[in-house]
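Participant: structural data only, the sequence is not supplied:
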């Protein structure tokens, strides 16, 4: 297994791409337990895909895939991969409502995002504060996705706006399908007690916003119109960075979107494997940190990248993208409570039932 100190010498050769490779097969190790691993290829997993970091004791093949497709395979009973990335809230719904037990979670949190930035509005709709969303039509392609569950929870806790205060318009197309895959059934769960309708056929959620069929848009993906500078579309929080930093400063919450999961039968047959997987993913993330510290200022086009990294660490700590339960239990329990409060999960889950028991004690060695 590649040691952390060795990664400093080879980090310069790596330029991580955010592009999703749906069917690509990663590097296979030469000996050990054969396993297949599905996840996005990102800065924090690249060292696993290219073989700089290995899962000790395994012959692992890595597959870059999209989250919707990984969710559907696992929750639909077709999950053949021993290790897979999954959407956290879809897992909550499958576990709480569908008695899904094929996989259990590991405290490796591969996707985290603050979500104030994910609320977009029409600039002519007169929406200048969260409270102005009351009585408005809000578009989205996936009501029960993890990102939407966080947005609704934050709006209710921070601004007093409940899911019942708006009319939800569900798009029948998703503008981010190429990156996220087909929306899984668990991302389309609609609870009782909300005002919901279907969007115009053939329009994705961004097109619903541009057409004026909705006043606002909640979605993890940034609308194309916003990226292109269309004056009809703006973020509700124009100073989203400052708002999100203040939210973290006050709450300590860094929202979790995706987590790593292991098949229960495999974990039972090979009790050493979960720890080996956790350690390898932690080491791969450490390799990404090393690249950010030493090289990303040269590899990334952002002119003040180094300052942004320093500012992030001042606020959130050096290991700001933490794995393990110790620093993340509060965040997980908040999402679990949001799901039940929003009428989606039948009950509030616990970390003890959703995560592999021994993994609750795993801590990073970086």
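Facilitator: Done, it's in. Every value quoted in this text rests on a predicted model; they were computed, and no experiment measured them. Residues are numbered from 1 along each chain as shown.
Participant: tell me, what residue is most central in the protein?
Facilitator: residue 257 (2.8 Å; C-alpha atoms, centre = their mean).
Participant: quick one, phi psi at it?
Facilitator: Main-chain dihedrals, residue 257, degrees, to the nearest 10: phi -100, psi -50.
Participant: tell me the contacts of it?
Facilitator: 87, 88, 111, 112, 113, 146, 147, 150, 220 (C-beta atoms under 8 Å, 6 or more residues apart in numbering). C-betas here are computed from N, CA, C, even on glycine.
Participant: so residue 48, which of the three states?
Facilitator: Secondary structure of residue 48, reduced to three states by DSSP: H, G, I helix; E, B strand; the rest coil: helix.
Participant: and it, what is it in contact with?
Facilitator: Residues in contact with residue 48 (C-beta under 8 Å, 6+ apart) are 26, 37, 54, 55, 60, 62, 280, 281, 284.
Participant: same deal with residue 137?
Facilitator: With C-beta under 8 Å, 6+ apart, residue 137 has these contacts: 166, 167, 168, 169, 213, 214, 215, 216.
Participant: what does residue 96 give?
Facilitator: 339, 345, 346, 347, 349.
Participant: could you tell me how many residues sit around the fourth one?
Facilitator: Going back to what we said before, that points to residue 347. 10 (other C-beta atoms under 10 Å).
Participant: same deal with the last one?
Facilitator: Applying the criterion other C-beta under 10 Å, we find 21 residues in the vicinity of residue 349.
Participant: quick one: low-confidence parts of the stretch 1-150 of the chain?
Facilitator: Along the stretch 1-150 of the chain, segments meeting pLDDT under 70 span 1-30.
Participant: let's see 50
Facilitator: 1-29 (pLDDT under 50).
Participant: again, but for the stretch 251-366 of the chain
Facilitator: For the stretch 251-366 of the chain, no range has pLDDT under 50.
Participant: again, only this time at 80
Facilitator: Within the stretch 251-366 of the chain, the stretches with pLDDT under 80 are 366.
Participant: picking that back up, mind putting the contacts of residue 48 into JSON lines with distance to residue 120, secondary structure and neighbour count?
Facilitator: Below are the contacts of residue 48 laid out as JSON lines (distance: C-beta to C-beta, whole Å; DSSP: H, G, I helix; E, B strand; the rest coil; neighbours: other C-beta atoms under 10 Å):
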{"residue": "26", "distance to residue 120": "35", "secondary structure": "coil", "neighbour count": "20"}
{"residue": "37", "distance to residue 120": "34", "secondary structure": "strand", "neighbour count": "26"}
{"residue": "54", "distance to residue 120": "41", "secondary structure": "coil", "neighbour count": "21"}
{"residue": "55", "distance to residue 120": "39", "secondary structure": "coil", "neighbour count": "25"}
{"residue": "60", "distance to residue 120": "39", "secondary structure": "strand", "neighbour count": "25"}
{"residue": "62", "distance to residue 120": "34", "secondary structure": "strand", "neighbour count": "24"}
{"residue": "280", "distance to residue 120": "37", "secondary structure": "helix", "neighbour count": "24"}
{"residue": "281", "distance to residue 120": "32", "secondary structure": "helix", "neighbour count": "27"}
{"residue": "284", "distance to residue 120": "33", "secondary structure": "helix", "neighbour count": "25"}
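Participant: what would those look like in JSON lines with distance to residue 189?
Facilitator: Below are the contacts of residue 48 laid out as JSON lines (distance: C-beta to C-beta, whole Å):
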{"residue": "26", "distance to residue 189": "32"}
{"residue": "37", "distance to residue 189": "27"}
{"residue": "54", "distance to residue 189": "38"}
{"residue": "55", "distance to residue 189": "33"}
{"residue": "60", "distance to residue 189": "33"}
{"residue": "62", "distance to residue 189": "30"}
{"residue": "280", "distance to residue 189": "33"}
{"residue": "281", "distance to residue 189": "29"}
{"residue": "284", "distance to residue 189": "32"}
